[in-house]
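S.K.: Fold the following and give me the result.
(one chain, ligands or ions: 1)
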Amino acid sequence: MVGVMGVLDRFRLDGRTVVITGGSRGLGRAMAQGLAEAGADLILIGREGDALETAREELTALGRWVAVVPGDVSTPAGAGAACQQVLNLNRPVDVLVNNVGGRRVDLPTELMPVEQWQQLIDLNLTSALVCCQQLCTGMLARGRGSVINVTSIAGPWVSIPGIGGRHYETAKAALTGLTRALAADWAPRGVRVNAIAPGGFLTDPNRRWFTEKPDFQRAFEGRIPMARLGEPTELAPTAVFLASDASSYITGSTVIVDGGYTLW
Ligand SMILES: NC(=O)c1ccc[n+]([C@@H]2O[C@H](COP(=O)([O-])OP(=O)(O)OC[C@H]3O[C@@H](n4cnc5c(N)ncnc54)[C@H](OP(=O)(O)O)[C@@H]3O)[C@@H](O)[C@H]2O)c1
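M.R.: Numbering: from 1, shown residues only. Below is the predicted model:
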């Protein structure tokens with residue numbers, strides 16, 4: 001059946017360029033792997049040069065074009081500067097994965113200095129806004145593109161017990177709102193905007209929380225119907241799906257990948 005596109009072909013990303021904020025480690029690195037295996041070229045943003053370089057070498061070995069952009073997107077100015085470096089590469093961006101974020105501090109809300117709250121909102125929410133503003137103009141002009149915001153089950157669906165820092169739930173809920181509103185605005189212009197909401201995955205920040213709070217780990221795992229944390233590789237197929245034409249009629253959605261955490 002030469003010339004007929006099969007269903008698996010719709011997941012291919014050959015010739016597409018994907019920007020991933022925080023693509024050097026953790027879930028971003030795992031998504032980068034999946035997207036590259038599906039054919040995508042990559043631009044990875046991160047703070048630490050060595051981690052970026054290691055990721056670049058490993059992903060280039062898959063036969064893809066990979067560029068790295070050292071930058072800190074936690075402030076609006078830093079996010080803007082990183083985006084400018086991406087634009088300086090002169091390569092049309094087809095897919096943007098806004099992955100940088102994190103809880104970072106475990107503080108009761110009543111004790112959190114407002115300045116720190118604002119910094120963490122910038123990290124988790126404003127960084128995604130700035131990247132959308134700067135990196136999606138080309139998509140809008142060409143009438144084609146896909147944005148994936150990495151949110152969390154924390155915020156839109158649940159508050160995580162046993163750990164403070166409600167800036168995280170707040171920002172992730174707001175990022176879900178931004179996802180849906182932008183999806184509506186940009187649908188007529190050919191750009192889809194979706195979110196992935198991970199549950200608990202064994203990445204460095206969670207290893208740190210679990211080391212500091214072993215009871216928190218036991219309690220967290222006890223709430224997962226599948227009774228285990230996720231492997232970062234288990235997030236990658238969802239990123240490929242939302243980045244590719246396989247999800248061509250899906251916008252404003254969130255795919256929850258949580259082993260069932262939010263079911264109970
Ligand atoms: N892990 C989970 O279980 C889980 C659950 C729900 C949601 N999430 C969300 O998934 C996303 C990724 O989490 P993760 O656990 O994979 O985090 P991670 O292991 O800390 O990885 C973060 C990645 O982002 C980069 N990064 C961190 N801060 C940055 C900054 N300010 N500017 C540029 N790059 C930065 C890191 O590299 P450098 O440190 O070198 O910059 C690394 O490449 C976050 O939005 C998080 O909220 C994670």
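
S.K.: pLDDT (mean, whole number) over stretch 122-132?
M.R.: Within the predicted structure, the mean pLDDT of stretch 122-132 is 98.

S.K.: Could you export that stretch as CSV, keeping only the C-alpha atoms?
M.R.: What follows is the C-alpha trace of stretch 122-132 in CSV, where atoms were taken according to Å, rounded to 0.1, in the frame of the first residue of the first chain:
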residue,chain,number,x,y,z
ASP,A,122,7.9,32.5,37.6
LEU,A,123,9.8,29.2,37.5
ASN,A,124,6.7,27.1,37.0
LEU,A,125,4.3,29.4,35.1
THR,A,126,5.9,32.5,33.7
SER,A,127,8.8,30.6,32.1
ALA,A,128,6.2,28.7,30.0
LEU,A,129,4.4,31.9,29.1
VAL,A,130,7.6,33.6,27.9
CYS,A,131,8.6,30.5,25.8
CYS,A,132,5.2,30.4,24.2
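
S.K.: For that stretch, which outside residues touch it?
M.R.: Identification of contacts with stretch 122-132 by Cβ atoms under 8 Å, 6 or more residues apart in numbering yields 19, 21, 73-76, 79-80, 82-83, 96, 98, 100-102, 104, 147, 149, 167-168, 171-172, 174-175, 178, 182, 193. Backbone N, C-alpha and C define where each C-beta goes, glycine included.

S.K.: Only the buried residues of the lengthiest helix in the chain, if you could.
M.R.: Residue-count comparison of every helix in the chain, with assignments taken from DSSP state H, identifies helix 167-186 as the longest. Neighbour-count burial for helix 167-186 flags 167-176, 178-180, 182-183, 186 (criterion: 16 or more other Cβ atoms under 10 Å).

S.K.: Can you list the buried residues in stretch 12-31?
M.R.: Per 16+ other Cβ under 10 Å, stretch 12-31 contains these buried residues: 12-13, 16-31.

S.K.: go on, stretch 203-214?
M.R.: The neighbour-count check on stretch 203-214 (16+ other Cβ under 10 Å) flags 203, 206, 209, 210 as buried.

S.K.: ok, the residue of the stretch 101-250 of the chain found nearest the ligand - contacts?
M.R.: Here the residue of the stretch 101-250 of the chain nearest the ligand is residue 101; by Cβ to the nearest ligand atom that distance is 2.6 Å. With contact set as Cβ under 8 Å, 6+ apart, residue 101 has these partners: 22, 123, 124, 127, 150, 152, 168, 171, 172, 175.
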